[in-house]
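[1] Got a predicted model here, sequence first, then my questions.
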Number of protein chains: 2
Amino acid sequence: MKQKKFILADSEIPRAWFNIQAVMPNKPLPILNPATREVLTQEDLYPIFCEECARQELDQTNEWIPIPEAVREQYAAYRCTPLVRAYELEAALGTPAHIYFKNESVSPAGSHKLNSALAQAYYAKHQGITNITTETGAGQWGGALSYAAKKFGIDCAVYMVKASYNQKPYRRSIMQTFGAAITPSPSMSTRAGKDILTETPNDQGSLGCAISEAIELALSTPNCKYTLGSVLNHVCLHQTVIGLEAEKQMALTGEYPDIVIACFGGGSNFSGIAYPFMRHNILEGKKTRFIAAEPSACPKLTRGVFEYDFGDEAGLTPLLPMFTIGHSFKPATIHAGGLRYHGAGVIMSQLMRDGYMEAQDFTQTETFKAGVLFAQTEGIIPAPESCHAIACTIREAMKCKETGEKKTILFNLSGHGFVDMSAYEQYLSGEMRDYVVSDEDLKFFRKSADMLNR
Amino acid sequence: MKQKKFILADSEIPRAWFNIQAVMPNKPLPILNPATREVLTQEDLYPIFCEECARQELDQTNEWIPIPEAVREQYAAYRCTPLVRAYELEAALGTPAHIYFKNESVSPAGSHKLNSALAQAYYAKHQGITNITTETGAGQWGGALSYAAKKFGIDCAVYMVKASYNQKPYRRSIMQTFGAAITPSPSMSTRAGKDILTETPNDQGSLGCAISEAIELALSTPNCKYTLGSVLNHVCLHQTVIGLEAEKQMALTGEYPDIVIACFGGGSNFSGIAYPFMRHNILEGKKTRFIAAEPSACPKLTRGVFEYDFGDEAGLTPLLPMFTIGHSFKPATIHAGGLRYHGAGVIMSQLMRDGYMEAQDFTQTETFKAGVLFAQTEGIIPAPESCHAIACTIREAMKCKETGEKKTILFNLSGHGFVDMSAYEQYLSGEMRDYVVSDEDLKFFRKSADMLNR
């Protein structure tokens, strides 16, 4: 029998996260105070984030950041996650490529998001924080944080993008089962939400707006900090456990990836699977390709520009140097709610400029077609976000079929789709629509970022 | 760091199923032809079941049945499943007991059901069958069979209990994603369904009725066989991979279970975890206790009688010697749809008579309370069925707390609850009702079985 799963014992859970900032040839540009345009310091971040997270955010020196034992113990509930050879998908495609995937869907919250949620909840508890707040799009991050907060005995309040709140009641119930309080965003509980609802009463929300609301609550509540599930450097740092494990597991297969693929919202699961392998590109001249798979409905990497922009819709965050389609961008309500974010993380944006990574975009139906094939071959119904990684993998594997190249492709299965079945129902009934941003819209929304860079 | 998960490599997937019939001190009573009261032969089962399944059903000789390599290869998509030490649940309970669970929720269909579905689909394919049909309650079996049929290239038609069809649209979509055709039962597509709908137009269905419909379709369709997800001997046989793996994994922990617990519908997941350990009770005089956890709304083991009864509502099946509350029993629409079956499998019924196992019943709210605690401590949202096993585990662990005994408890986490979140929502909002069968109802429905035994 061919070996299908490459597994590691609990004792192999990584002891340190990999901080790619320490080895980048060109460090990311600094984060700026929007009012003064001065470079932001660690201390400037303290009102919003835990101190250790703020420290990690700006750490461009230490290549390895130790993982606290208490976090490793919580990781053990689901880590190390399996690395799986997708023999059946390969056979269905008739490709000579070898396809592997890292299965992050086995986490309690159903996605990779927990890797950072546990770290952030731990640091909050450690600092004496009693309340944490956040936003969630598809609900994956919210579910992860709800669970992580419960594990470390902290109260958790989540602003959930209204489109997802209504589309995905099961995600909401998951968060409530883990003990969190959930509010649909935009809401009347913050100034940011009120402003939007006053202008557009039926606004279906966006990650940017939900971020604004969560930050506002954190700033106005004693002993409360904000947490973010993607984009930021410390979040991406925590996700590197994915790639660090995958590195060991690929060694067990006797192969090394020619291509590494992940879907791309703010960049956290991409970072997680990519950075540990990219390290060898940077330090040893390996030639692995890294591909970010993004929705055609929110094409920040394939059609955005590199500029300073706000991280949120209301303009409450510092200015981030990133690929963006403008912080006021209104994405279509595609099912991959977690990919509806206007910008890419600061590190990924620099890596993109420096040619270490590339991006491809996919329409919604192409990704669900890939997801159904994956479900029928490999037995896991993927989250709509993860379907993008699968669609990209299939695209690359079919190129191998044309050329006869026997490439090794590794992708990150960031989460399962058990709570996204209404999206599959829509796809299977032929009622799914595609959304591709028009050039006019792109030009219009980009203005919001362009103005900041004059 | 304490070791939390005990995992086995793909190569450790069992090579044979354990057939408890071969070692039972008292063999199960024979299955009878309802018309003639003659003992049923293997050949009598051929019109309905695959030949190899029929052979396994009546095999009281061979202790080990080899698992076909093609089935082992499909098992490798999710097996061996993890054995997990529930440290956090233990801590929350403050019990001296050591609690372990076998995590069958990691299977593609989200439950243990796939263990038999893959075997049955394989044997069907092997025999040249092109269509298989079945019933499903909660949707776990239907999801498993849909996926298994797809893997072996067979068409699959599923009758889904109407109550579940409406309560659990996500389950329905999962089956459709795997490529199966789904019909709510009772339906107008069979005589059995028509009869019921004519009498009770708003009938919400039952497993018994859905079985009748699926068998009728199999009998009336060329090259089509029926498959069952529980109750029958060959189904329970296939599930023994659970306990066989758990046995190896418990050896890794250095402990041996004092108590083994599983929820109980028809008995398949119970058999799976229990038989391999029970083997040592039978052959070596070990004293492990085996507890079946059933709903108070369907108490066949705790309040039923041992009698010959039909396996289905319409009376199409052979007569089975079993603990039953009557084949015409109408269970309340509890969320644990998979436990709404009127009888226990033939083997379990004999083991129950012989004192090898015991049973306890649980109200719905007690099981969801247990499920929420489990989700918040161990990070897995359990299926409503599995919540019964957890409630039973908690009950036994709390007894240990009272007595100070440090017992080792092993339970089977048969499936996850990601597609049962509406049930959790109902529980969390305080709107969940409990159902306990009244003595009058019990007496009334039992008549349908009593009549057959005069």
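    Looks like it came in fine. Computed from a predicted model, the values in this text were never measured in an experiment. Numbers count the residues shown, from 1 in each chain, chains lettered A, B, ... in the order given.
[2] Number of residues surrounding A:E38?
    Using other Cβ atoms under 10 Å in any protein chain shown, the number of residues around A:E38 comes to 11. Yep, even glycine has a C-beta here, placed from its N, CA and C like the rest.
[3] Contact partners for it?
    A:L32 (Cβ atoms under 8 Å, 6 or more residues apart in numbering or on different chains).
[4] let's go with 10 Å and repeat that
    A:P30, A:L32, A:D44 (Cβ atoms under 10 Å, 6 or more residues apart in numbering or on different chains).
[5] Look through the stretch 101-250 of chain A and state the residue closest to chain B.
    A:P108 (3.0 Å; Cβ to the nearest Cβ).
[6] Give me the phi and psi for the spatially closest residue to that residue that is not a sequence neighbour.
    Closest residue to A:P108 apart from its sequence neighbours, by Cβ to Cβ, 6 or more residues apart in numbering or on different chains: B:G379 at 3.0 Å. Main-chain torsions, B:G379, degrees, to the nearest 10: phi 80, psi 10.
[7] surely B:G379 meets B:F101?
    No: in this structure, B:G379 is not within contact of B:F101 by Cβ atoms under 10 Å, at 11.8 Å.
[8] Could you list the contact residues of the stretch 301-450 of chain A toward chain B?
    A:368, A:371-372, A:375-381, A:416-429 (Cβ under 10 Å from any Cβ of the partner chain).
[9] Show me which of those residues are buried.
    A:368, A:371-372, A:375-381, A:416-428 (16 or more other Cβ atoms under 10 Å in any protein chain shown).
[10] Out of the residues you listed, which sit inside strands?
    Here DSSP state E is the test, and those give no hits in strands at all.
[11] Go through those and flag which are in helices.
    A:368, A:371-372, A:375-378, A:421-428 (DSSP state H).
[12] For the residue minimising distance to the centre of chain A, which non-adjacent residue is closest in space?
    The centroid of chain A falls nearest to A:S268 when counting by Cα atoms, centre = their mean (3.6 Å). Setting aside the residues directly before and after it, A:S268 is nearest to A:S230 in space (Cβ to Cβ, 6+ apart), at 4.0 Å.
[13] show me the residues around the one you found that make contact.
    A:113, A:116, A:137, A:140-141, A:207, A:236, A:239, A:264-271, A:338-339, A:341, A:344-345 are the contacts of A:S230 under Cβ under 10 Å, 6+ apart.
[14] and with 7 Å instead?
    A:G265, A:G266, A:G267, A:S268 (Cβ atoms under 7 Å, 6 or more residues apart in numbering or on different chains).
[15] Now do the phi/psi pair for it.
    Dihedral angles (degrees, to the nearest 10) for A:S230: phi -160, psi -170.
[16] picking that back up, my read is that the residue nearest to the centre of chain A contacts A:C236, right?
    Yes: counting by Cβ atoms under 7 Å, A:S268 sits close enough to A:C236 to count as a contact (5.4 Å).
[17] and the helix or strand where A:S271 lies, what's its mean pLDDT?
    In the assignment (DSSP states H and E), A:S271 maps to helix A:268-284. What helix A:268-284 shows for mean pLDDT is 98.
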